[in-house]
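S.K.: after the sequence you'll find the predicted model.
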Amino acid sequence: MKVVKKILLGLLLVFLVAQFFRPEKNQGDITSIDEFLADTNPPEHVKVILKESCFDCHSNVTRYPWYSQITPVNYWMADHVNHGKGEFNVANWDGNSVKRKDHKFEELIEEVKNRKMPLESYTWAHANAKLSDKQIKAIVDWAEQVRFKYSLMPKPE
């Protein structure tokens, strides 16, 4: 019994010390998404969907829930956010070519239609981020309009 008690005490000590080490938070300026919104011009109901279901992981502005203060959850979340931003970051929108923007919207449509986004692990904790069929249609319709706009723009090679 003493060995089990020592192991549990050691694990508790490691857990407590780990709380002092945290990853950097993803909290940039909210205006970092303005270029994306201006360029893609989503209707108001789509903006709400994007804010609730996408921007936490695909922008430089993440809203952190209370449990994100607990190590190792905060490292897991940081990894998800960094991966999401690496795939599609609306905060860096202005620096992308028209060809890349179009490709990102092609991917967005595919991921949303196939219900791969938002991630299931995100919607477990953010029930309001789970997309209904109506919301998926709204996003896809808007994204297709944006792609049409991009198709009319010159694409330097």
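M.R.: It's in. None of these values were measured; they are calculated from a predicted model. Residues are numbered from 1 along each chain as shown.
S.K.: can you tell me the SS state at the spatially most central residue of the chain?
M.R.: Central residue of the chain (C-alpha atoms, centre = their mean): C57, 1.7 Å from the mean position. Under DSSP: H, G, I helix; E, B strand; the rest coil, C57 falls in the helix class.
S.K.: list the contacts of stretch 85-98.
M.R.: The contact list for stretch 85-98 (C-beta atoms under 8 Å, 6 or more residues apart in numbering) reads 26, 28, 32-33, 35-36, 39, 54-55, 57-61, 101, 104, 107-108, 150, 153-156. All C-beta spots, glycine's among them, are computed from the backbone N, C-alpha and C.
S.K.: biggest helix in this structure by residues?
M.R.: When the chain is parsed with DSSP state H, its longest helix is helix 133-151.
S.K.: now the helices for this structure?
M.R.: 2-18, 34-40, 44-53, 55-58, 73-87, 98-113, 120-125, 133-151.
S.K.: just to revisit the earlier point, now, of the contacts of stretch 85-98, which are buried?
M.R.: Among the contacts of stretch 85-98, those scoring as buried are 26, 32-33, 35-36, 39, 54-55, 57-61, 101, 104, 108, 150 (criterion: 16 or more other C-beta atoms under 10 Å).
S.K.: run the chain-centre distance for stretch 84-102.
M.R.: Centroid separation between stretch 84-102 and its chain, computed with C-alpha atoms, centre = their mean, to the nearest Å, is 13 Å.
S.K.: quick check: mean pLDDT across it?
M.R.: Averaged over stretch 84-102, pLDDT sits at 91.
S.K.: endpoints of it, how far apart?
M.R.: By C-alpha to C-alpha, to the nearest Å, the extent of stretch 84-102 from end to end equals 18 Å.
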